[in-house]
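[1] My questions concern the predicted model and sequence given below.
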Amino acid sequence: MVKTLQDTTTLHNGVEMPWLGLGVFKVEDGDEVIQSVKAAIKHGYISIDTAAVYKNEEGVGQGIKESGISRDKLFVTSKLWNGDQGYESTLAAFETSLKKLGLDYLDLYLIHWPVPSQGKFKETWKAMEKLYKEGKVRAIGVSNFKEHHLDELLDDAEITPMVNQVEFHPHFQQKELRAYCKRHGIQLEAWSPLKQGQLLDDPTLKEIGDKYGKSPAQVIIRWDLQSGFITIPKSTKEHRIVANAEVYDFELSAEDMEKIEQMDTGVRAFRDPDEKK
């Protein structure tokens, strides 16, 4: 059972990745993201997840610097944007992200979307493998990859992705993908676990939360952890960043886990990874 904010899971290459981190999607670069990162680290977070397309890597890097925490105590993730896919462009984009973050290496680097219409994610993966072999990133993975994208990738890959970061919340639970990734030793990670706040007034989650003295957000985050998903809820408010991590003093019962599983509609809130972008 996950017991603290610093608890980790072991990826298939032996790297330890924290179960809970701070996501910074749609957090403005500059003071907003700097303060969010500093608040998270101050309250014990050791995992920060950003991406090139978020356009806040510089602020994330500044927040890390100002926090005063030792680099080796943190787990920093960034992601390659769609327009940078391809072998040489991936290598260049990685160096750009690293420079913006002000870091010597990344802990995890992900292909943000498969964009199958481009037909480039396999050569992109070759570049990711090169970065990994050179020690510039401790783990590599993908984001928003469905089973058939992974099948295609694994046909030629030397290295199986360590992580697949996907849309996952009570309304969209991806059970087939979960089974697939478990078979291949790929750790799943939830983005938008709170469905961008759309689930915070859900009566089922409120009812469950009342039993434990917890909010719907805390119930969802606890459910993620008990489901074996790494999770990265986003907030810019310090009190919410703190509250999102107050999930270690209770455990959802099997009955309550089942109630949440019954909420699955199988419908995405966001776009399908097979759509062009």
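    Okay, I see it. Keep in mind the model is a prediction, meaning the values are calculated, not measured. Numbers count the residues shown, from 1 in each chain.

[2] now the strands: where do they sit in the stretch 51-200 of the chain?
    For the stretch 51-200 of the chain, applying DSSP state E, counting those that start in this stretch gives strands covering 75-80, 108-111, 140-143, 163-167, 187-191.

[3] okay, the ones you listed in CSV with mean neighbour count and distance to residue 221 next?
    C-beta coordinates here come from the backbone N, C-alpha and C atoms, glycine included. Formatted as CSV, the strands of the stretch 51-200 of the chain follow (neighbours: other C-beta atoms under 10 Å; distance: least, C-beta to C-beta, whole Å):
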stretch, mean neighbour count, distance to residue 221
strand 75-80, 25, 17
strand 108-111, 27, 20
strand 140-143, 25, 19
strand 163-167, 24, 16
strand 187-191, 24, 9
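
[4] Can you tell me which of those strands is nearest to residue 7?
    Across the strands of the stretch 51-200 of the chain, residue 7 has its closest neighbour in strand 75-80 (12.0 Å, C-beta to C-beta).

[5] tell me the mean pLDDT for the closest one?
    Mean pLDDT, strand 75-80: 98.

[6] Outside of it itself, list whatever touches it.
    Defining contact as C-beta atoms under 8 Å, 6 or more residues apart in numbering, one finds that strand 75-80 is touched by 17-18, 21, 46-53, 57, 60, 64, 90, 93-94, 97, 101, 103, 106-112, 124, 128, 143, 165.

[7] Likewise for stretch 251-262?
    For stretch 251-262, contacts defined as C-beta under 8 Å, 6+ apart pick out 1, 170, 173, 204-205, 208, 211-212, 219-220, 222-223, 226-227.

[8] swap the cut-off to 6 Å and go again
    Under the contact criterion C-beta atoms under 6 Å, 6 or more residues apart in numbering, stretch 251-262 has outside partners 170, 208, 222-223, 226.
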